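Undergrad: Need coordinates for the following:
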Amino acid sequence: MLRDIDLNEISDGKLYHNNDMVKAGCGGCKNCSSCCRGMGSSIILDPLDLMRLCTGLKQTFDELMDNAIELNVVDGIILPNIKMSGSDESCTFLNSDGRCSIHPLRPGICRLFPLGRFYEKDSFKYFLQIRECPKPNKSKVKIRKWIDTPDIGKYEKYISDWHYFVKGLRERITAPGGAELMKTFSMYVLKTFFRQPYDADKDFYEQFYKRLETAKKAVGTF
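TA: Numbers count the residues shown, from 1 in each chain. Next comes the predicted model:
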């Protein structure tokens, strides 16, 4: 999700790499689930998030659509996000004890919080959001450990490549005469990167980049 923000207003004013230490440790979020409630449609899923959920829960994209995720327009492109439910708008996967029931499968945005990503020059750095998490006295933790994702180098490259691919689609849509491409691009992205299952026994990144290469060529023909 694109955000027009002043980093100095929402962060400590610094940009970080994955080997840096930041005050993000919240002691296991004991007695707190604030970041799992009232998030609207902001927990946007990327293809790796969806693959983890589908394989871990043994559900298809369409089955997840029945109870756990939904589609919304994100800066011109239709993408899936985690659904909030109930009077307190809690995450679908938050259990009765206020704990995440899919913690090993949690989406990248959840792994990142309360960090954010600042994109520039076809890459990104991390920043620490200082007003989002209410837990006091946070401890320092290394970013790569906090994100808890194997092959962090591959993961970061994937995140960057996915971001700039979607950003390119948005730029096409907002260009003169591009409005009619919104539905075409969105349906293509959903089918290619989300509805079509990934093979859990094969490397996700290899599968993703094959699809990305095909998608870039296909988008150029629209």
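
Undergrad: Where is the longest helix in the protein?
TA: Secondary structure of the chain per DSSP state H: the longest helix is helix 152-174.

Undergrad: which element follows it toward the C-terminus?
TA: helix 181-189 (DSSP states H and E).

Undergrad: buried ones in the longest helix of the chain?
TA: For helix 152-174, the neighbour count (16 or more other CB atoms under 10 Å) marks 155, 156, 158, 159, 161, 162, 163, 166, 169, 170, 172, 173 as buried. Placement of C-beta: from N, CA and C, glycine included.

Undergrad: And the contacts of that helix?
TA: By CB atoms under 8 Å, 6 or more residues apart in numbering, the residues outside helix 152-174 that reach it are 2, 18, 46-48, 75-77, 79, 108, 117, 119, 122-124, 144, 147, 149, 178-179, 181-182, 185, 189, 205, 208-209, 212, 215-216, 219.

Undergrad: Take the residues you listed and keep only those in strands.
TA: 77, 79, 117, 119, 123, 124 (DSSP state E).

Undergrad: show me what contacts the closest residue to the last one other than its chain neighbours?
TA: This means residue 124. Here the nearest residue to residue 124 in space, its sequence neighbours aside, is residue 117; by CB to CB, 6 or more residues apart in numbering that works out to 4.5 Å. For residue 117, the contact set (CB under 8 Å, 6+ apart) comprises 124, 125, 126, 127, 159, 163.

Undergrad: can you check residue 126 too?
TA: Counting by CB under 8 Å, 6+ apart, residue 126 touches 15, 16, 17, 18, 20, 22, 112, 115, 116, 117, 118, 143.

Undergrad: Let's verify it: helix, strand, or coil?
TA: On the three-state scheme (DSSP: H, G, I helix; E, B strand; the rest coil), residue 126 is labelled strand.

Undergrad: how near is it to residue 40?
TA: Using CB to CB, to the nearest Å, residue 126 is found at 23 Å from residue 40.

Undergrad: again with residue 199
TA: 33 Å.

Undergrad: In stretch 128-137, which residues are buried?
TA: Residues of stretch 128-137 classed as buried: 128, 129, 133, 135 (neighbour count, 16+ other CB under 10 Å).

Undergrad: of those, closest to residue 83?
TA: residue 133 (22.0 Å; CB to CB).

Undergrad: so what's the nearest residue to residue 148 once chain neighbours are set aside up against?
TA: Among residues not flanking residue 148 along the chain, residue 111 sits closest, at 5.8 Å (CB to CB, 6+ apart). Applying CB under 8 Å, 6+ apart to residue 111 gives the contacts 146, 147, 148, 149.

Undergrad: Kindly recompute the last result at 7 Å.
TA: 147, 148, 149 (CB atoms under 7 Å, 6 or more residues apart in numbering).

Undergrad: Next: residue 80.
TA: 45, 50, 69, 71, 194.

Undergrad: Find the pair from the residues you listed with maximum spatial separation.
TA: 50 and 71 (11.9 Å).

Undergrad: re earlier: of the contacts of residue 80, grab the buried ones for ChimeraX.
TA: Selecting only the buried entries of the contacts of residue 80 in ChimeraX, with 16+ other CB under 10 Å as the criterion:
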select :45,50,69,194
